[in-house]
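Colleague: Generate coordinates for the sequence data below:
(one chain, ligands or ions: 1)
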Amino acid sequence: MTLKVGVIMGSTSDWETMRYTAETLAELGVSYETKVVSAHRTPDLMFEYAETAKERGIKTIIAGAGGAAHLPGMVAAKTVLPVIGVPVQSKALDGMDSLLSIVQMPAGVPVATVAIGKAGAINAALLAASQLAAFDDDLSSKIEARREAKRDEVLNTGELQ
Ligand code: RP5
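Modeller: Numbering: from 1, shown residues only. Reported below is the predicted structural model:
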């Protein structure tokens, strides 16, 4: 399977959140790689990753980071691939710092920002899959099937008494 999504994160501590991205991509059969790339601790690696992602076949990058979460924005500055930013729930400020660091990009360098934490990590995978599904009917059917399964779960467990 060709490599499609690059899932990167600022620290190994982000894996607790970003594993939901990986799990969701795996569930949909989307090929991905995972890597720790830090904007602050390994800036040269971050630029190299962003600059070479496209030529390595990656179609979308999902970048998770917490606190001073500069990774998604800096990666977006160095590639024209779509970048989805996942704000990791930080200990000190509960992820509001991560969210605001990621979401307020200047016009011209977009980062699609999802919710803080687990929901955002799952949705980042679904968003990346939807982008790829525009050119892949089989993947589109898998996303629809997942939606339907979730709908049925709610319908089947919706009785509270
Ligand atoms: C950010 O700093 C990472 O994305 C992580 O969310 C946060 C804390 O990193 P650690 O101190 O746990 O390595 O760069």
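Colleague: CA atoms for contacts and neighbours, from now on please.
Modeller: Will do.
Colleague: Against the ligand, how distant is Tyr49?
Modeller: 16 Å (C-alpha to the nearest ligand atom, to the nearest Å).
Colleague: Tell me which residues touch that residue, please.
Modeller: With C-alpha atoms under 8 Å, 6 or more residues apart in numbering as the criterion, no residue contacts Tyr49.
Colleague: Go again with 10 Å.
Modeller: By C-alpha atoms under 10 Å, 6 or more residues apart in numbering, Tyr49 lies in contact with 6, 8, 35, 37, 43, 56, 75, 78-79.
Colleague: cool, Asp14 as well?
Modeller: Asp14 makes contact with 8, 36, 64-66, 86-90, 117 under the criterion C-alpha under 10 Å, 6+ apart.
Colleague: how about a cut-off of 7 Å?
Modeller: Counting by C-alpha atoms under 7 Å, 6 or more residues apart in numbering, Asp14 touches 65, 88.
Colleague: Quick check: beta-bridge partners of the residue nearest the centre of the chain?
Modeller: Among the residues of the chain, the one closest to the centroid is Ile62, at 3.2 Å (C-alpha atoms, centre = their mean). Following DSSP bridges, Ile62 is listed with bridge partners Val7, Ile84.
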